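Novice: Build me a structure from this.
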Amino acid sequence: MHPTAIPGLLIVDLPVHRDNRGWFKENWQRAKMTALGLPDFAPVQQNISFNGDVGTTRGIHAEPWDKFVSVATGRVFGAWVDLREGDSFGTSVTLEIAPDQAVFVPRGVGNAYQTLEPDTAYAYLVNAHWRPDAEYQFVNLADETVAIEWPIPLSAAELSDKDRAHPRLASVAPAPARRPVVIGGDGQLGRALRRQIPDATFLTRADLDVTDASALESLGESGSGGAEVDWSACSAIINAAAYTNVDGAETTAGRATAWQVNATAVGALAALAARLGVPFVTVSSDYVFDGTVESHVEDEAYSPLGVYGQSKAAGELAARARRQHYVVRTSWVVGDGSNFVRTMASLAERGVDPQVICDQRGRLTFADDLARGILHLLSSGAPYGVYNLSNSGSVMSWFDVARAVFELTGHDPSRVVATTAEAYAAGRGAATTAPRPRHSAFDLGRLAAAGFVPRDAGVALREYLAG
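Specialist: Numbering: from 1, shown residues only. Now for the predicted structure:
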């Protein structure tokens with residue numbers, strides 16, 4: 001595989017096996033080509049253009065999907081022009097293609113070719129179905145700026161009237177870069193993602209109510225969910241929406257909402273991502289386990305104790321049914337808005353001496369680190385699958401965290417009183433307290449192997465309180 005002057009435009013060598021009968025080649029072999037570094041672009045349609053005459057010229061066309069172009073019979077002169085916004089806009093690449101080569105053409109790069117032999121069959125795989133309302137871009141084959149040196153002069157070539165009339169490059173608006181769509185843009189993770197990728201599309205509860213089954217059914221349609229979303233420009237769907245009221249999930253109304261948000265909606269979003277051919281990210285929880293294991297690995301069997309954990313496990317399964325998925329398991333999230341750390345800091349300031357559980361252990365996850373980890377998985381092309389993601393460092397109890405908060409805010413940590421989960425539940429009334437895992441710490445080895453090591457939780461806590 002060979003890179004070119006156009007970012008993402010890749011030339012692929014295809015072994016052709018010849019004998020007395022003719023030849024054979026694997027035109028597209030997902031496992032081999034992705035191993036070489038070709039994007040796993042999930043083609044859904046194949047098109048073949050047959051051209052009887054030498055000099056037949058088509059293009060320059062850019063559509064909102066990726067292409068994998070090759071020649072079945074004959075030979076062509078291929079030309080590509082980058083029509084995406086950025087420094088490479090207007091860059092061109094040309095190449096003569098026979099059956100032993102193919103070219104991966106990313107979305108937003110204009111494609112054209114001229115046949116060099118009679119009876120040439122030009123084939124291309126695409127990862128979206130053709131539709132008349134898609135955003136197309138065209139550049140004139142004779143554009144002086146691009147200055148493609150066609151082997152057969154266009155004056156002597158076979159062109160359509162439409163291709164002859166395409167505009168010059170100077171009047172073509174660059175195609176906007178593809179950006180993620182974030183569901184749950186007003187939560188702790190959603191706000192952290194806004195800081196990392198401000199140009200992404202963020203859908204809040206007002207834009208898309210994931211408790212509304214009818215809104216989920218219309219996902220992917222123009223203007224669906226109360227927000228104008230150009231789904232063709234979506235590079236990934238990140239689901240940061242969740243029902244997180246662990247105790248509330250044990251009530252009749254809360255149970256239905258937890259399953260709708262944490263399971264049904266996840267399945268609908270994963271299905272949309274599959275239709276768009278883009279990766280899907282959803283955030284899960286340590287509550288999918290019963291906490292009897294001190295350090296959880298990704299392939300541990302599900303063992304949720306309560307309704308919340310059951311709904312999150314079901315959401316994981318819905319996401320894992322799709323090929324391009326990242327399930328990111330996290331725990332004890334701290335970000336903008338209400339959270340345990342803010343509560344402890346407020347109690348310390350107000351002179352309240354809290355009783356805090358000492359027999360539930362895990363690690364804090366700061367929302368900024370969670371956001372950075374998710375974006376690393378997407379940008380690095382890490383293998384799809386399940387990843388544990390919390391901050392690193394020592395495993396602590398809630399009691400340890402509370403004492404650290406008191407100390408870091410200048411208060412006496414001995415004011416924090418230890419209690420057990422059982423005693424705490426008894427004090428509130430066991431009927432209103434959901435069961436919680438005793439051990440929530442994750443093994444972070446798979447995440448580290450993917451190239452991301454989050455900050456030490458103690459360091460992150462100090463910086464969070466200082467900020």
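Novice: got the domain boundaries for this structure?
Specialist: Listed by automatic domain parsing, the domain ranges of the chain are 2-171, 179-466.
Novice: Can you lay out those as CSV showing mean pLDDT and mean neighbour count?
Specialist: Every C-beta, even on glycine, is put in place using the N, C-alpha and C of the backbone. What follows is those, written out as CSV (pLDDT from 0 to 100; neighbours: other C-beta atoms under 10 Å):
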stretch, mean pLDDT, mean neighbour count
domain 2-171, 94, 17
domain 179-466, 92, 19
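Novice: Can you list the residue ranges for helices in this protein?
Specialist: 30-36, 161-164, 188-196, 213-217, 252-259, 265-276, 307-320, 340-350, 367-380, 398-408, 421-428, 445-449, 457-466 (DSSP state H).
Novice: chain center to the first one: distance?
Specialist: The chain centre lies 20 Å from the centre of helix 30-36; the measure is C-alpha atoms, centre = their mean, to the nearest Å.
Novice: do the fourth one as well
Specialist: Helix 213-217 sits 21 Å away from the centroid of its parent chain (C-alpha atoms, centre = their mean).
Novice: just the second one next, same as before
Specialist: Helix 161-164 has its C-alpha centroid displaced from the chain centroid by 38 Å (C-alpha atoms, centre = their mean).
Novice: what packs against it?
Specialist: Under the contact criterion of 3 or more C-beta pairs under 8 Å, 6 or more residues apart in numbering; DSSP states H and E, helix 161-164 touches strand 57-62.
Novice: Show me what the strand it packs on pairs with in its sheet, parallel or antiparallel.
Specialist: Paired neighbours of strand 57-62 in the sheet (DSSP bridges): strand 109-115 (antiparallel), strand 137-138 (antiparallel).
Novice: Nearest to residue 79, out of the helices of the chain?
Specialist: helix 161-164 (12.5 Å; C-beta to C-beta).
Novice: For that closest one, which outside residues touch it?
Specialist: 57-59, 140-141 (C-beta atoms under 8 Å, 6 or more residues apart in numbering).
Novice: What is the nearest of these to residue 104?
Specialist: residue 59 (16.6 Å).
Novice: Which residue, neighbours along the chain excluded, lies closest to that closest one?
Specialist: residue 112 (2.3 Å; C-beta to C-beta, 6 or more residues apart in numbering).
Novice: contacting residues around the one you found?
Specialist: Taking C-beta under 8 Å, 6+ apart, we find residue 112 in contact with 57-61, 78-81, 141, 148.
Novice: Could you point out which of these is nearest to residue 452?
Specialist: Among the contacts of residue 112, and counting by C-beta to C-beta, the member closest to residue 452 is residue 80, at 33.4 Å.
Novice: got the end-to-end distance for stretch 409-427?
Specialist: Using C-alpha to C-alpha, to the nearest Å, one end of stretch 409-427 lies 28 Å from the other.
Novice: Distance check, residue 196 against residue 205.
Specialist: The gap separating residue 196 from residue 205 is 21 Å, by C-beta to C-beta, to the nearest Å.
Novice: Run through the bridge partners of the residue nearest to residue 59.
Specialist: With DSSP bridges as the criterion, residue 112 is bridged to residue 79.
Novice: now swap in residue 386 and tell me
Specialist: For residue 386, the residues forming beta bridges with it (DSSP bridges) are residue 327.
Novice: Surely it touches residue 317?
Specialist: No. Applying C-beta atoms under 8 Å as the test, residue 386 and residue 317 come out as separate, 10.8 Å apart.
Novice: wait, what's in contact with residue 100?
Specialist: Taking C-beta under 8 Å, 6+ apart as the test, what residue 100 contacts is 13-16, 25.
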